[in-house]
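Asker: Please work out how this folds:
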Amino acid sequence: MAEEVLDYLVVGAGPAGLQLGQHLGHAGHRYLVLEAGSAPGHFFETFPRHRTLISINKKHTGYTDPELNLRMDWNSILADGDADPVLFTDYSELLFPDASDFLRYLADYAAKHQVRVRYDTRVTRIGRDPESALFVLTAGDEEFTARRLVMASGVTKPFIPDFPGVELIDQYADVSVDPDEFTDQRVLVLGKGNSAFETADNLIEKAAVVHVGGPRPVKLAWRTHFVGHLRAYNAGILDMYQLKLQHAILDGDVREVRKDADGYHVKFAFARADEVIKEIRYDRVICCTGFRFDASLFDEDCRPELVIDGRFPAQTPDFESVNVPGLYFAGTITQSRGFKKATNPFIHGFRYGVRALAKVLNERHHDTPWPHVELPAKPDALTEAVIGRINRTSALYQQFGFLADVLVVDGDTARYLEEVPVDRVLADPPDDAYVVTLDYGPDHDKIDPFDFVARAAQDKANDHGEGHYLHPIVRHYRRGELVATHHVTENLENEWDKEVHIGPLAAFFAREL
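Answerer: Modelled structure (predicted):
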């Protein structure tokens, strides 16, 4: 067994692992980040395959407040106690930047904060000592030991569908990205996410026919507000399809792929045609069906339970494995919480989850309470605190409905806690608490934002939540029971600082207090 027993081992020096390392170091904990690659962000050396990030990099916002600027900066990661943060907006002015710039950014972040990383250290086995319950990680001929383990390794294994012949087709991870190799060919791209459409858009100028196929309809991010759904940047083939330019979108399942002398023969069951099965010939078939967490490294007695078709680890509200105490998760693998709703899969979401995890670890294992300020439990004081936060916070703005500010009332005093996971609050609710989130209205993803849909009036109080756009919601819980809800009316500029926002909120607190 290794000589030094650390407080924490972190696997993966991507954005989540680096940020968590900074938080752990700033708090004075003994930690080490293990990274298989020779530099930070090894994943981004290969992905996305066409090297353009679809995470927004909006440098010019008109704001001088750095907190507000983070609402438009989806790539910068956070750091405790840093008065001069390293921001990705200083590395590129492109709205959709190049992945190579992000690699430079991560390397500079790691250097500035002196994050303790062991590079070229690929973990091959994760076990647990039965007597001490310490985690023991093997990498080559070395062992590393810690009381707690945080997996920030991302999704490293392709998620491959199960049908006969799947082993014959190309995979997104290694297929050629040179469109000239597909000139005049018929190509089927499997998948309905951004990797599939990124691949398809790369081919539409040279390929004769490109079909994008998958079992579920295409979901558009501008409608669902989930940025993992198809982004407009990758949606060029939709124009080609709707304007009858040979390319097409297929809804249904592949039943079988067979390779003959004239190419691939795909049996496709069409979902919109009463399960009609048609055999279609292609020159190439490319699988772009996403990735999954690799749990094979773990010994059986400490292997985390998986969910969502075995793609992600199951987690508690504290980002801890549901079946392995002391095993935590950070980064994109936390997306099983709020799956395809919250922004946990993406840097602009999980950076706040990482910060929340650091607070969880301090609270649970180092007797450090969740940071808070105390206020008088009076309507004006609570209103001023909430209004001030909702007009600045980037965390609640990016992690809508997932993170909350919490006001815990105890007699004449209220404690204001920032950026607490909502399900953590509800799992162990205080006796009297107000939970503040930014969120969309009900059925917001069923409304076409470009249709003439009635919108809530911005100059009128809207306490019943008719608004569909992002707006503040304050929910009052007593002993875990929801007793009242207040909606602050929506605003086009996301500025809730007028009397129509302040007065009704103060009246709500006055009634409830």
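
Asker: Asn69 reaches Tyr63, doesn't it?
Answerer: Yes: contact criterion C-beta atoms under 8 Å: Asn69 and Tyr63 qualify, at 5.4 Å. (C-beta placed from N, C-alpha, C; glycine too.)

Asker: Can you report phi and psi for Leu396?
Answerer: When quoted as degrees, to the nearest 10, the phi and psi of Leu396 stand at phi -70, psi -30.

Asker: repeat for Ile249
Answerer: phi -110, psi 130.

Asker: Tell me if I'm right that it and Tyr241 touch.
Answerer: Yes: counting by C-beta under 8 Å, Ile249 does reach Tyr241; the two are 5.4 Å apart.

Asker: any residues in contact with both of those two?
Answerer: When contacts are counted by C-beta atoms under 8 Å, 6 or more residues apart in numbering, Ile249 and Tyr241 have no shared neighbour.

Asker: Nearest spatial neighbour of Ile280, chain-adjacent residues omitted?
Answerer: Distances taken as C-beta to C-beta, 6 or more residues apart in numbering place Val266 nearest to Ile280, at 5.3 Å, with adjacent residues excluded.

Asker: again, but for Thr332
Answerer: Nearest one to Thr332, counting by C-beta to C-beta, 6+ apart, is Pro345 at 4.8 Å.

Asker: in what helix or strand does that neighbour lie?
Answerer: Following DSSP states H and E, there is no helix or strand that holds Pro345.

Asker: Number of residues surrounding it?
Answerer: 22 (other C-beta atoms under 10 Å).

Asker: That one touches Arg337, doesn't it?
Answerer: No: the pair Pro345 / Arg337 is not scored as a contact, 10.4 Å apart, by C-beta under 8 Å.

Asker: Looks like Gly127 contacts Val136 (just checking).
Answerer: Yes: Gly127 lies in contact with Val136 (C-beta under 8 Å); the separation is 4.9 Å.

Asker: out of these two, which sits in the busier spot?
Answerer: Set Gly127 next to Val136 and count neighbours by other C-beta under 10 Å: Val136 wins out with 20 against 17.

Asker: Next up, phi/psi of the more buried one, please.
Answerer: According to degrees, to the nearest 10, Val136 has phi -120, psi 120.

Asker: Check Thr383 too.
Answerer: phi -60, psi -50.

Asker: List the contacts of it.
Answerer: Taking C-beta under 8 Å, 6+ apart, we find Thr383 in contact with 502, 505-506, 509.

Asker: ok, of those residues, which come out buried?
Answerer: Buried members of the contacts of Thr383, counted by 16 or more other C-beta atoms under 10 Å: 502, 505-506, 509.

Asker: where exactly do the strands run in the stretch 51-200 of the chain?
Answerer: Along the stretch 51-200 of the chain, the segments classed as strands by DSSP state E, counting those that start in this stretch run 117-118, 125-128, 135-139, 142-151, 157-158, 170-171, 186-190.

Asker: Tell me the strands beside the fifth one, with direction?
Answerer: When you say that, I think you mean strand 157-158. strand 291-292 (antiparallel) (DSSP bridges).

Asker: Could you check how far the strand it pairs with is from the centre of its chain?
Answerer: 14 Å (C-alpha atoms, centre = their mean, to the nearest Å).

Asker: I'd like the mean pLDDT over that strand, please.
Answerer: Per-residue pLDDT values over strand 291-292 give a mean of 94.

Asker: after it, next one along is what?
Answerer: Strand 291-292 is succeeded, C-terminally, by strand 306-307 (DSSP H and E).

Asker: part of a strand, is Gly252?
Answerer: Yes: judged by DSSP: H, G, I helix; E, B strand; the rest coil, Gly252 forms part of a strand.

Asker: Name all residues that make contact with it.
Answerer: Gly252 neighbours (C-beta under 8 Å, 6+ apart): 213, 215, 268-272.

Asker: same deal with Pro85?
Answerer: Neighbour list for Pro85: 66, 76, 78-79 [criterion: C-beta under 8 Å, 6+ apart].

Asker: now, which of those sits nearest His29?
Answerer: Distance to His29 across those (C-beta to C-beta) is lowest for Ala79, with 15.2 Å.

Asker: which one is Phe163 nearest to, not counting chain neighbours?
Answerer: Once flanking residues are discounted, Phe163 sits nearest to Val254: 5.2 Å by C-beta to C-beta, 6+ apart.

Asker: avg pLDDT for stretch 132-146?
Answerer: Mean predicted lDDT for stretch 132-146 stands at 97.

Asker: ok, Asn69 and Tyr63, which is more surrounded?
Answerer: A count of neighbours by other C-beta under 10 Å puts Asn69 above the other of Asn69 and Tyr63, at 19 against 13.

Asker: what's the spacing between the more buried one and Thr343?
Answerer: 17 Å (C-beta to C-beta, to the nearest Å).

Asker: Show me where the stretch 301-450 of the chain has its helices.
Answerer: Applying DSSP state H, counting those that start in this stretch to the stretch 301-450 of the chain gives helices spanning 347-365, 379-390, 395-398, 422-427.

Asker: any chance of these in TSV, with distance to Ala404 and mean pLDDT too?
Answerer: Output for the helices of the stretch 301-450 of the chain, formatted as TSV (distance: least, C-beta to C-beta, whole Å; pLDDT from 0 to 100):
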stretch	distance to Ala404	mean pLDDT
helix 347-365	11	98
helix 379-390	11	98
helix 395-398	7	98
helix 422-427	5	96
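
Asker: okay, these in a markdown table with distance to Tyr8 next?
Answerer: A markdown table is the format used below for the helices of the stretch 301-450 of the chain (distance: least, C-beta to C-beta, whole Å):
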| stretch | distance to Tyr8 |
| --- | --- |
| helix 347-365 | 8 |
| helix 379-390 | 30 |
| helix 395-398 | 23 |
| helix 422-427 | 20 |
